[in-house]
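**Student:** Quick check, what structure comes out for this input:
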Amino acid sequence: MSLCFSVLASGSTGNAFYIATDQERLLVDAGLSGKQLDRLFREVDVDPASLDGILVTHEHSDHIKGLGIIARKYQLPIYANDKTWRAMEDSIGSIALDQKFHFGMEEVKSFGDIEVESFGVSHDAAEPMFFTFRNEGKKVALVTDLGYVSERIKRTVEDADAYIFEANHDVGMLRMGRYPWNVKRRILSDSGHVSNEDSGLALSDLITNRTNRIYLAHLSQDNNMKDLARMSVDNILQERGINLDICDTDPKMPTKLYHVG
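**Tutor:** Sure thing, here's the model as predicted:
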């Protein structure tokens, strides 16, 4: 089996991402209940007991809600940086020492035949980081929960075969919406979330001839719509002569397993 993945869930109510090869199976984040995570795995025909580990991006509840539950249930190792460990320890319950591992920012680790590179993002968490995954010349980039896409991030994630990329909000919908101004200001800030337009602009700098697919992720349920996000990003890409499959993600339903290449 080549490198494959499913966005199990994506949005402000919970996030989980599965990526695997024949040798290795990894979960990134566990931001839903244990029961919900088990259901999502069943829907993509994966036994969570077969996982080799869980990588954690940051300590917000929509990324760690079920982390302790699923790690204890299936005796899975958890990988996070030191600041994230400290920030989330009170929220995830007791984790055995032999299940706790360090994965630093701007570090490369090998998990079986998957090479994982972490990179820092600008977000209002202790030390948030996301990942690229490489296997046999294929590359997948997971990029959400960031206020802006820095040049350093672009250099790390450029030229991927597939992107799972944040398109959190439509700026107009957010500004006119029901959120109090302090929440709007946080979302629009450099430590908040990327808008549809900024997502399209960033992707237009990253995509190369090897890129086959984009998944738009972490959409706000109040300040965005799937069709609007897809149209906004696609319009920007087409203006630059880029035509690609742009796929939806969902807060409650997994995407079909996609085999890269």
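**Student:** distance between stretch 14-33 and the chain's centre?
**Tutor:** Its chain's C-alpha centre and that of stretch 14-33 lie 10 Å apart, by C-alpha atoms, centre = their mean, to the nearest Å.
**Student:** Number the chain from 385, please
**Tutor:** Yes, from this point I'll number from 385; that puts the last item at stretch 398-417.
**Student:** Can you give me the buried ones in that stretch?
**Tutor:** Within stretch 398-417, the residues scored as buried using 16 or more other C-beta atoms under 10 Å are 398-405, 408-416. The way it works is simple: take the backbone N, C-alpha and C, and place the C-beta from them, glycine included.
**Student:** low-scoring stretches of the chain, by residue?
**Tutor:** 385 (pLDDT under 70).
**Student:** for the residue in it sticking out farthest from the centre, phi and psi?
**Tutor:** If you look at how far each residue of the chain sits from its centre, by C-alpha atoms, centre = their mean, the farthest one is Met560, at 27.1 Å. Dihedral angles of Met560 (phi, psi; degrees, to the nearest 10) stand at phi -90, psi -10.
**Student:** what's near enough to touch it?
**Tutor:** Residues touching Met560, when contacts are defined by C-beta atoms under 8 Å, 6 or more residues apart in numbering, are absent altogether.
**Student:** roughly how far apart are Leu572 and His553?
**Tutor:** Computed as C-beta to C-beta, to the nearest Å, the Leu572 to His553 distance reads 8 Å.
**Student:** same deal with Asn627?
**Tutor:** The value you get for Asn627 to His553, if C-beta to C-beta is used, is 25 Å.
**Student:** Which of those two has more residues huddled nearby?
**Tutor:** The residue with more neighbours, out of Asn627 and His553 and counting by other C-beta atoms under 10 Å, is His553; that gives 30 against 8.
**Student:** Going along the chain, name the strands of this structure.
**Tutor:** Secondary structure of the chain by DSSP state E: the strands cover 388-393, 400-404, 409-412, 437-439, 462-464, 484-486, 492-495, 498-504, 513-519, 522-527, 546-550, 597-601, 629-632, 642-643.
**Student:** Between these, which one is closest to Glu535.
**Tutor:** With C-beta to C-beta as the measure, strand 498-504 is the member of the strands of the chain nearest Glu535 (11.9 Å).
**Student:** Paired strands for the closest one, with orientation please.
**Tutor:** Sheet neighbours of strand 498-504, with direction, are listed as strand 492-495 (antiparallel), strand 513-519 (antiparallel) (DSSP bridges).
**Student:** just the angle between the longest one and strand 400-404, please?
**Tutor:** Spelled out, it's strand 513-519. Counting by axes from the mean of the first three to the mean of the last three C-alpha atoms, to 10 degrees, strand 513-519 lies at 20 degrees to strand 400-404.
**Student:** can you give me how far strand 513-519 is from the chain middle?
**Tutor:** With C-alpha atoms, centre = their mean as the basis, the mean position of strand 513-519 lies at 10 Å from the chain mean.
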